[in-house]
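Let me see the structure of the following:
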Amino acid sequence: MMFAALGLTWAAVSWLLARPFFPLREVVLLSPPAQVTSAQLEYVARAAIHGNFFTVDLDQVRADFEKLPWVRRAEVRRRWPDTLELRLQEHQAVAYWTSGDDGDTRLVNRQGEVFVAASNARLPSFAGPQGSAAYVLAHYESFVRRLAPLGHELVGVVLSAREAWQLRLDNDMVIVLGREQDKAPLDERLARFVAAWPQAREGIGVQVAVADLRYPSGFALTPAGTLAMKGKQ
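Coordinates of the predicted model:
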């Protein structure tokens, strides 16, 4: 008899919770959106939220909000008596990303994660093998610090499948770094080039198209429309 009574009690509670006595009337956004629009949020809320205060599937609602292009994370909580609280963490795009595997252009966020969204922001362009976006981002930040004395913005970074680096500045000069070398690390070759650049630029007297830093003890400059010129120290 006890089990039968418990069964009936649970059935009654389940029936009560399923009744429209506890309707959800409001979704409160706790984080002001930057990229996500009100129309997108309203569409997901109407499509994803089913049931009442007790029966709504919070995990499913969270997953549906995370399908929005600019949403990185979503948190959904109940607030008595008739409200859902929504907190969004949006992607912060730091670069465009092109994978060498498929050639499609996507975006990279501050965590080095690749995501798909529309943007017309002025951002640097990265390219590399699939799965290397975070690695490229970390090196980009190092390259920016190293190249700061040149007075030009780093706008493009390419990592080849053989882990060779190529950089592009906002004056269209391409810096060919190549691969990491035990005898001449990337940072060492960049530092040498940056230190020698003012004198080299004055000596060449024309715009440089390519600076090849793959040499262990120097670099080669290719002026626009001319043959390469090698610089030694």
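
Can you tell me which helices and strands the strand or helix carrying Leu167 packs against?
Per DSSP states H and E, Leu167 falls inside strand 165-169. Under the contact definition 3 or more CB pairs under 8 Å, 6 or more residues apart in numbering; DSSP states H and E, strand 165-169 sits against helix 133-147, strand 154-159, strand 174-178. From N, CA and C alone the C-beta is placed, and that goes for glycine too.

Check the gap between Phe115 and Gln35 for me.
In this view, Phe115 and Gln35 are 11 Å apart by CB to CB, to the nearest Å.

Overlap in contacts, those two.
Here Phe115 and Gln35 share the contacting residues Pro69, Trp70, His91, scored by CB atoms under 8 Å, 6 or more residues apart in numbering.

Just the buried ones from the residues you listed?
Trp70, His91 (16 or more other CB atoms under 10 Å).

Just the ones of the shared contacts of Phe115 and Gln35 in strands?
Using DSSP state E, no member of these sits in strands.

which one's the longest helix in the chain?
Using DSSP state H, we find that the single longest helix of the chain is helix 186-204.

For the helix or strand following that helix, buried residues please.
Once helix 186-204 ends, the next helix or strand along the chain (criterion: DSSP H and E) is strand 208-212. Residues of strand 208-212 classed as buried: Val208, Ala211, Asp212 (neighbour count, 16+ other CB under 10 Å).

Which single one of those residues is nearest to Gly218?
Among the buried residues of strand 208-212, Asp212 lies closest to Gly218 (CB to CB), at 9.6 Å.

pLDDT value on the closest residue in space to that closest one that isn't next to it in sequence, please?
Distances taken as CB to CB, 6 or more residues apart in numbering put Ala220 closest to Asp212, at 4.1 Å, once the chain neighbours are dropped. Ala220 is assigned 94 on the pLDDT scale.

Offset the numbering so it begins at 36, please.
All right, first residue 36 from here; so that's Ala255.

Just the angle for the helix or strand containing Val129 relative to helix 168-182, thanks.
Taking DSSP H and E as the definition, Val129 sits inside strand 128-134. Following axes from the mean of the first three to the mean of the last three CA atoms, to 10 degrees, one obtains 120 degrees for the angle between strand 128-134 and helix 168-182.
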